[in-house]
Each structure stands twice: as structure tokens, then as C-alpha cells.
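# starting from these lines, generate the structure:
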Amino acid sequence: MVDLIVKAAVKEQLEGHNVASDFYDALDDEVASVLENAARRADENDRKTVQPRDL
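Reported below is the predicted structural model:
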């Protein structure tokens with residue numbers, strides 16, 4: 001599986017908070033799910049371009 005998130009960017013966004021090591025894997029899985037759903041919605045609408053409204 002490809003890492004979809006950048007750990008340094010996540011840490012920067014969550015400044016002031018500790019981040020559990022397994023959080024990154026869970027976040028990566030969540031992002032993958034969002035992307036899969038967006039691609040499916042674009043396909044259902046006969047588009048190859050994924051658009052913000054697909055989120």
C-alpha cells in the first residue's frame with residue numbers, strides 16, 4: 001500500500017498534540033477510503049475526472 005499522507009504535515013497540523021504511531025496507518029486507511037468513494041462516484045456519473053463534489 002502506498003502512503004497517502006505525509007507524517008510531517010500531519011504532525012505540523014496537530015501541533016501541540018502527541019500523535020500515536022498507529023494513528024498514521026488509520027488516517028492513511030481513511031484517506032484511501034475517501035479516495036475510493038470519490039472515484040466510484042465519478043465512475044457512476046460517467047466521468048474520468050474526480051471533482052470536489054465527489055467527496
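# grab the nearest non-local neighbour of the spatially most central residue of the chain.
The C-alpha lying nearest the average C-alpha coordinate of the chain belongs to Val31 (CA atoms, centre = their mean; 2.0 Å). If you skip the residues right next to it in sequence, Val31 has Leu4 as its closest partner in space, 4.6 Å away by CB to CB, 6 or more residues apart in numbering. Any C-beta I mention is one placed from the backbone N, CA and C, and that applies to glycine too.
# what strand or helix carries the one you found?
Leu4 is part of no helix or strand when elements are defined by DSSP states H and E.
# with Ala32 instead?
Per DSSP H and E: helix 23-44 holds Ala32.
# returning to what we had before: tell me the spacing between the residue nearest to Val31 and Asn45.
23 Å (CB to CB, to the nearest Å).
# looking at the nearest residue to Asp3 once chain neighbours are set aside now. What's its pLDDT?
Using CB to CB, 6+ apart and skipping the chain neighbours, the partner closest in space to Asp3 is Asp28 (6.1 Å). Looking at Asp28, its pLDDT stands at 96.
# what does the one 3 residues further on give?
Predicted confidence (pLDDT) at Val31: the value is 97.
# distance check, it against Asp3.
As judged by CB to CB, Val31 and Asp3 stand 10 Å apart.
# gap between the residue nearest to Ala32 when sequence neighbours are not counted and Gly16?
What sits nearest to Ala32 in space, not counting adjacent residues and going by CB to CB, 6+ apart, is Leu4, at 6.0 Å. Leu4 sits 24 Å away from Gly16, taking CB to CB as the criterion.
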